[in-house]
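S.K.: quick one: sequence plus predicted model below, questions after.
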Amino acid sequence: MSSFEMETVISQDFMIQTARCLLRCPSAADIPSVFSATRFAGFNNGMQWEPPATIDELYEPLREQILDWEAGRTFSFTIADLSSNHLIGRIGIRKTERQNVWNLGFWTHPEHQGQGYMTESLKAVIEFGFERLGATRIDASYALWNKGSQRVLEKSGMQFIRYIPHAFQKKGQWIEANKMEITKQKWLALNCS
Ligand SMILES: CC(C)(COP(=O)(O)OP(=O)(O)OC[C@H]1O[C@@H](n2cnc3c(N)ncnc32)[C@H](O)[C@@H]1OP(=O)(O)O)[C@@H](O)C(=O)NCCC(=O)NCCS
């Protein structure tokens, strides 16, 4: 690790509280809700992972999420309702190969979309990235057709940086995407005015 990079040891008890949500480490209790999200037609179309065939297939990804959290590689947060602790969605921030550049991925359970939950969570995780992980730049990509994803990224202050013609494949077809990013400098300017 370079001397310029911060240690990314975050306890598994770490949580972020927003106005309506608690962002916390995933648990096995979340699995039925994750599975139910993947049953909605088209839910996975904008993401690189495929819907599981059975609920049991979600235990291995959970184990990997915990290992990645412990290793400081990716922090996948379950977005839970503040009062019920029930899953609303997921948001992950992942270390990239570029020094101090982190990457975001996210989804909201279809039953909870369109209520501002991802906008609220994205802002909190961007702050976490800059303040706790030592990020100097945070990026995210969205499939060109995915207007909801584009909108939440724009609302969090992210700006277009690059068009990616072959971002990932779905059913054997390449999906076009745009990459967005926010720098720490821009984030500070937006949040200190
Ligand atoms: C993209 C996604 C995460 C948004 O989550 P959400 O909790 O509904 O987001 P929010 O409610 O905070 O904001 C959604 C914004 O997108 C807008 N939006 C949603 N669908 C849209 C569409 N088809 N066209 C234009 N705008 C759209 C909403 O109007 C809202 O913007 P507004 O507040 O200015 O009105 C959610 O739709 C999702 O999980 N999709 C499936 C998984 C996915 O594609 N993840 C992203 C991979 S990059």
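M.R.: Received the coordinates, thanks.

S.K.: and whichever helix or strand T78 is part of, C-alpha only, in PDB?
M.R.: Applying DSSP states H and E as the criterion places T78 in strand 74-81. Once side chains and other backbone atoms are set aside, the C-alpha atoms of strand 74-81 remain, and they are given as PDB (Å, rounded to 0.1, in the frame of the first residue of the first chain):
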ATOM      1  CA  THR A  74     -15.500  -3.200  -1.000                       C
ATOM      2  CA  PHE A  75     -18.000  -1.900   1.600                       C
ATOM      3  CA  SER A  76     -21.400  -3.200   0.600                       C
ATOM      4  CA  PHE A  77     -24.100  -1.600   2.700                       C
ATOM      5  CA  THR A  78     -27.600  -2.800   3.200                       C
ATOM      6  CA  ILE A  79     -29.800   0.200   3.100                       C
ATOM      7  CA  ALA A  80     -32.300  -0.600   5.900                       C
ATOM      8  CA  ASP A  81     -35.400   1.200   7.100                       C
END
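
S.K.: ok, is that strand in contact with the ligand or not?
M.R.: No: applying C-beta under 6 Å from any ligand atom, one finds strand 74-81 separated from the ligand by no less than 8.7 Å. To be clear about C-beta, it is placed using only N, CA and C from the backbone, and glycine gets the same treatment.

S.K.: elements contacting that strand?
M.R.: strand 21-24, helix 59-71, strand 87-95, helix 117-131 (3 or more C-beta pairs under 8 Å, 6 or more residues apart in numbering; DSSP states H and E).
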